[in-house]
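Undergrad: Provided below are the primary sequence and the corresponding predicted coordinates.
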Amino acid sequence: MPTPLYDSLRALAAQNPLRLDMPGHHGTPLPGGFSWPSELDFTENGATGDLFGDETDVIQAAESLWAQRFGFDSCLFLTGGSTQGVHAGLALLAGQGGAVALDRGSHRSAYHALALLDLAPHFLARPWLKEEGVTGPILPETVEEALKKHPEIKTVCITSPTYYGVLSDISAIAAVCHAHGASLMVDGAHGAHLPFLGYTGYQAADVVVMSAHKTLPAPGQTALLFANGFDLAQLQRWGSVYGTSSPSYILMAALDLARDYMEGEGTARYRETVRLTETLRHRWPSLTERDGLSLDPTRLTLESPDGFALADALRAHGVYPEMADRGHVVCILTCADGEAEFARLERALSETGLTGPCAPCPPPPGPPEAILTPRQALFAPRETVPLADSAGRTAACQIAPYPPGVPVIAPGERIEKKHLAYLREIGYNRTAADVIR
């Protein structure tokens with residue numbers, strides 16, 4: 001398979017040009033022996049292409065290969081992570097000052113986008129899965145109810161999969177959105193591997209953001225913005241607003257190489273990861289699929305009477321999970337993990353003795369009253385107070401266990417005693433809160 005951007009940079013580096021532009025290392029090794037391909041770290045120089053340019057070059061050729069592989073009309077490389085894509089995608093679909101139906105469990109980048117774009121959120125609630133102790137998928141009927149109640153909403157934004165691996169029915173939700181004249185954006189930051197495993201749900205959405213660095217062999221900050229019904233120029237317009245004007249060619253070349261790798265060996269290895277994950281789910285108490293609950297086939301969400309203790313015990317054995325909460329430990333398993341890595345994880349789990357039924361996890365209370373808009377909350381004067389003394393104050397930023405970053409209290413909402421009690425119950429360890437002065 002072709003790797004046009006990577007090949008172009010390699011060819012230019014082989015010419016040993018005198019590089020009197022940025023980056024300042026000019027292709028020489030960095031101090032301290034830091035190992036990276038600095039000879040490929042170019043800027044726009046007439047031969048390297050332009051991420052936000054209006055002519056087709058090697059970057060656009062590399063982006064087009066991603067779009068074709070995932071079934072989208074266009075794709076933009078992101079070097080500012082999925083945060084850049086969430087901001088750009090909401091700007092593209094919702095514009096400024098409108099209304100959006102937003103997954104309450106959205107990443108904090110979506111809440112920041114609300115403030116930057118002065119958008120009015122109408123939150124979409126997720127059902128609480130008592131047995132599993134996590135929130136379930138966004139239901140199509142929940143979206144339909146919101147669109148009927150608020151016909152001014154023309155953009156819906158959901159997250160799929162969640163940190164715990166829960167998938168929503170994107171095709172059904174997209175059908176509901178389109179029937180009401182609304183567009184669907186999906187934050188698929190944790191799902192970049194799924195299309196390589198045959199998953200086609202994302203193709204029904206209008207805009208999808210994916211983090212390559214979360215589940216693919218790609219460096220930090222690498223992400224992708226996909227769209228149907230929008231051309232590349234429209235993605236570039238908003239991507240350039242929220243992204244640097246000096247995007248890293250190392251990161252973009254890594255995206256090019258990651259796709260090429262996943263076309264062959266990477267997908268084969270990922271299929272093996274699916275098999276090994278399924279085996280682990282049967283051997284250890286874990287979230288598993290059932291009617292009404294679809295999961296990322298490679299996300300291992302272990303259950304425990306004390307998820308925090310289990311995570312600490314695993315780290316003591318040299319195993320570093322992604323996150324933990326009161327009753328779970330989440331492991332991100334990818335094509336980089338094979339038999340040896342899975343065996344090491346199993347040995348550590350055997351030695352901890354801390355897996356078992358999920359600790360009782362109470363459902364979060366309903367959202368508090370909104371006192372200020374997200375934009376007003378972001379720019380208002382603030383002060384820091386002890387969390388225990390914050391009841392009755394208005395939150396200046398999210399108050400949320402992070403990860404996964406689902407806000408118990410969102411910016412602009414009133415802090416109530418019941419929410420503080422819930423945070424204590426789930427083991428939230430922050431002792432202070434930023435509130436409006």
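TA: Received, thanks.
Undergrad: give me the three-state assignment for V208.
TA: strand (DSSP: H, G, I helix; E, B strand; the rest coil).
Undergrad: shaky segments in this protein?
TA: 34, 402-405 (pLDDT under 70).
Undergrad: gap between the most centrally placed residue in it and A115?
TA: Note on the chain: the residue nearest the mean C-alpha position is A189, at 2.8 Å, using CA atoms, centre = their mean. Using CB to CB, to the nearest Å, A189 is found at 20 Å from A115. In this view, the C-beta of every residue, glycine as well, is placed from N, C-alpha and C.
Undergrad: and the end-to-end length of stretch 87-105?
TA: Stretch 87-105 has an end-to-end distance of 16 Å (CA to CA, to the nearest Å).
Undergrad: distance between it and the chain's centre?
TA: Centre-to-centre, stretch 87-105 and its host chain are 16 Å apart (CA atoms, centre = their mean, to the nearest Å).
Undergrad: same check on stretch 61-70?
TA: 20 Å.
Undergrad: kindly report the same for stretch 160-171.
TA: Using CA atoms, centre = their mean, the offset of stretch 160-171 from its chain centre is 11 Å.
Undergrad: what of stretch 72-79?
TA: 15 Å.
Undergrad: same for the helix ranked longest in the chain, what does it pack against?
TA: The longest helix of the chain (DSSP state H) is helix 267-283. Secondary-structure packing of helix 267-283 (3 or more CB pairs under 8 Å, 6 or more residues apart in numbering; DSSP states H and E): strand 299-303, helix 339-352.
Undergrad: what comes up buried for it?
TA: For helix 267-283, burial by neighbour count (16 or more other CB atoms under 10 Å) applies to 267, 269-271, 273-274, 276-278, 280-281.
Undergrad: direction included, what does the following helix or strand past that helix pair against?
TA: Downstream of helix 267-283, the next assigned helix or strand under DSSP states H and E is strand 294-295. Here strand 294-295 is paired, per DSSP bridges, with strand 166-167 (antiparallel).
Undergrad: contacts for the next helix or strand after the strand it pairs with, please.
TA: Using DSSP H and E, the helix or strand that follows strand 166-167 towards the C-terminus is helix 170-179. With CB atoms under 8 Å, 6 or more residues apart in numbering as the test, helix 170-179 has contacts from 138, 140, 143-144, 147, 156, 158, 160, 183-184, 186, 201-202, 204-206.
Undergrad: now helix 170-179: buried residues?
TA: Buried, per 16+ other CB under 10 Å, within helix 170-179: 170, 172-177.
Undergrad: please save the CA atoms from it in CSV.
TA: C-alpha atoms of helix 170-179 as CSV (Å, rounded to 0.1, in the frame of the first residue of the first chain):
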residue,chain,number,x,y,z
ILE,A,170,-24.9,5.2,15.6
SER,A,171,-26.8,4.2,12.5
ALA,A,172,-30.2,4.3,14.3
ILE,A,173,-29.3,7.6,16.0
ALA,A,174,-28.2,9.1,12.6
ALA,A,175,-31.5,8.1,11.1
VAL,A,176,-33.4,9.9,13.8
CYS,A,177,-31.2,13.0,13.4
HIS,A,178,-31.6,13.1,9.7
ALA,A,179,-35.4,12.6,9.9
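Undergrad: what's in contact with the next helix or strand after it?
TA: Next helix or strand after helix 170-179 toward the C-terminus (DSSP H and E): strand 183-187. Under the contact criterion CB under 8 Å, 6+ apart, strand 183-187 has outside partners 82, 86, 89-90, 93, 103, 106-107, 110, 154-160, 170, 173-174, 177-178, 202, 204-209.
Undergrad: out of these, which are buried?
TA: 82, 86, 89-90, 93, 103, 106-107, 110, 154-160, 170, 173-174, 177, 202, 204-209.
Undergrad: that older thread, mind listing which of the contacts of helix 170-179 are in helices?
TA: 140, 143-144, 147.
Undergrad: where neighbours are concerned, which of those has the most?
TA: Neighbour counts for the ones in helices among the contacts of helix 170-179 peak at V143, which has 26 neighbours (criterion: other CB atoms under 10 Å).
Undergrad: that residue against V100, yeah?
TA: No: with contact defined as CB atoms under 8 Å, V143 does not count as touching V100 (11.8 Å).
Undergrad: what's the overlap in contacts for these two?
TA: With CB under 8 Å, 6+ apart as the test, V143 and V100 both reach V156.
Undergrad: for P2, see how far away G133 is.
TA: Distance of G133 to P2, computed by CB to CB: 46 Å.
Undergrad: so between these two, which is more surrounded?
TA: Neighbours per residue, other CB under 10 Å: of G133 and P2, the larger number sits with G133, 23 against 11.
Undergrad: ok, now which ones touch the nearest residue to G165 once chain neighbours are set aside?
TA: Among residues not flanking G165 along the chain, R299 sits closest, at 3.0 Å (CB to CB, 6 or more residues apart in numbering). Applying CB under 8 Å, 6+ apart to R299 gives the contacts 161, 164-165, 190, 277, 330-333.
Undergrad: would you turn these into CSV with distance to L378 and secondary structure?
TA: Output for those, formatted as CSV (distance: CB to CB, whole Å; DSSP: H, G, I helix; E, B strand; the rest coil):
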residue, distance to L378, secondary structure
P161, 28, coil
Y164, 28, coil
G165, 31, coil
H190, 26, coil
T277, 39, helix
V330, 29, strand
C331, 34, strand
I332, 30, strand
L333, 36, coil
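Undergrad: what subset of those residues is buried?
TA: Buried, going by 16+ other CB under 10 Å: 161, 164-165, 190, 277, 330-333, out of these.
Undergrad: among those residues, which one sits closest to G33?
TA: I332 (29.2 Å; CB to CB).
Undergrad: surely the closest one touches E322?
TA: Yes: I332 lies in contact with E322 (CB under 8 Å); the separation is 4.9 Å.
Undergrad: tell me the bridge partners for the residue nearest to G165.
TA: Beta-bridge partners, per DSSP bridges, of R299: I332.
Undergrad: from A99, how far off is K149?
TA: K149 sits 11 Å away from A99, going by CB to CB.
Undergrad: ditto for R347
TA: 52 Å.
Undergrad: before we move on, the earlier item: with respect to R10, which of the contacts of helix 170-179 is nearest?
TA: When the contacts of helix 170-179 are ranked by distance to R10 (CB to CB), Y202 comes first, at 31.2 Å.
Undergrad: distance check, the closest residue to that closest one other than its chain neighbours against E272.
TA: Take Y202 and drop its neighbours on the chain: the residue closest to it by CB to CB, 6+ apart is V208, 4.8 Å away. V208 sits 26 Å away from E272, going by CB to CB.
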